[in-house]
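**Student:** my questions concern the predicted model and sequence given below.
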Amino acid sequence: MKLCGLIVRVFIAWMVAWSMMPEERSAAATPAGRASIELVQEAYEYGGPPRRQEAPDTSIPPSNQPLGPEELQRAEALLPLLEGKQEFWAIGEFVHLGRPAVPVLTKALSMPSPRIRYNAIETLQMIKDPSAVPALIRLAQEPAEMPRIREHALRVAVRLDARATTPAIEAMAKDQESAVRKVAAFEARYVRQKAVVPVLIGMIGDAERFVAVTAVQSLWILTRHESELHDWDTSTQQDREAWAKEWVEWWNTERDTFQFPDPKKPRDPLQ
């Protein structure tokens, strides 16, 4: 019992000491006659921290000069490196070589490795040379190619020269792969040519609902035609085929005089 009472008294004394204010604990812990040490931050001598120095722009613009024999050989050697640990470096080298390297880079679109073909498309998008569009269109229309590579080839071709992609969209709208048909329906909204309107109308009756809905959305964006309201999300193919006739009738009436409305500009979030 005495031992228990002693433990209780020690515990109470410890709690009382701990409940003291920080200054009191500091003073109690500092022996008499010895100064306590407090860490403080000194003010900056010149009124504030030093300002961040802007790093000089040392980037080198892409070259527009034709490739010499050595540069051409070097570009050819870069093609296999578009796959593997050095692929990002190889992409950067092609971007630096610029437009003169596009004829070499398009050779990668027919190389066996899917990774090389995909990275070649990505690199052509960075170089932004419309001369690559014919090669991209051929790849997009290749039935034996992987769908994701075909889709990416069409996207990049549309962004480089949309008006040249109408034949590809017409062909891909009839493809066996539903994913390919969908990307054709989606990218058609950026092709402001009358030839794509009947293509999209024909896709309204697609067996896959998501392809048909994408086609209708592209038609709304391109034409701003206020069609009849329908429940597209729960529609059947028979429903969509019937609704497509409304678009056919409208287009037959408007085709000769139709003018594409100005594309909508993105809204300024600050307004």
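**Tutor:** All right, it came through fine.
**Student:** mind listing what's buried along the helix or strand hosting residue 139?
**Tutor:** According to DSSP states H and E, residue 139 maps onto helix 133-140. Residues of helix 133-140 classed as buried under the neighbour-count rule (16 or more other Cβ atoms under 10 Å) are 133, 135-140. For the C-beta atoms, the positions are set from N, CA and C on the backbone; glycine is no exception.
**Student:** counting neighbours, what do you get for residue 85?
**Tutor:** 7 (other Cβ atoms under 10 Å).
**Student:** so it, which state does it fall into?
**Tutor:** When classified by DSSP: H, G, I helix; E, B strand; the rest coil, residue 85 comes out as coil.
**Student:** that older thread, how far does the helix holding residue 139 sit from its chain's centre?
**Tutor:** When distances are taken as Cα atoms, centre = their mean, to the nearest Å, helix 133-140 is centred 21 Å away from the chain's centroid.
**Student:** run through the neighbouring helices and strands of that helix.
**Tutor:** Judged by 3 or more Cβ pairs under 8 Å, 6 or more residues apart in numbering; DSSP states H and E, helix 133-140 is in contact with helix 114-127, helix 147-160, helix 166-172.
**Student:** would you turn those helices into JSON lines with mean neighbour count?
**Tutor:** Output for these, formatted as JSON lines (neighbours: other Cβ atoms under 10 Å):
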{"stretch": "helix 114-127", "mean neighbour count": "20"}
{"stretch": "helix 147-160", "mean neighbour count": "21"}
{"stretch": "helix 166-172", "mean neighbour count": "20"}
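**Student:** now those as TSV including distance to residue 256?
**Tutor:** Putting the helices and strands packed on helix 133-140 into TSV (distance: least, Cβ to Cβ, whole Å) gives the following:
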stretch	distance to residue 256
helix 114-127	37
helix 147-160	26
helix 166-172	19
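**Student:** out of those helices, which gets nearest to residue 247?
**Tutor:** Closest to residue 247 of these is helix 166-172 (Cβ to Cβ; 17.0 Å).
**Student:** which residues touch that closest one?
**Tutor:** Residues from elsewhere that reach helix 166-172 (Cβ atoms under 8 Å, 6 or more residues apart in numbering): 137, 140-141, 150, 154, 157, 180-181, 183-184, 187-188, 191, 193, 195-196, 199.
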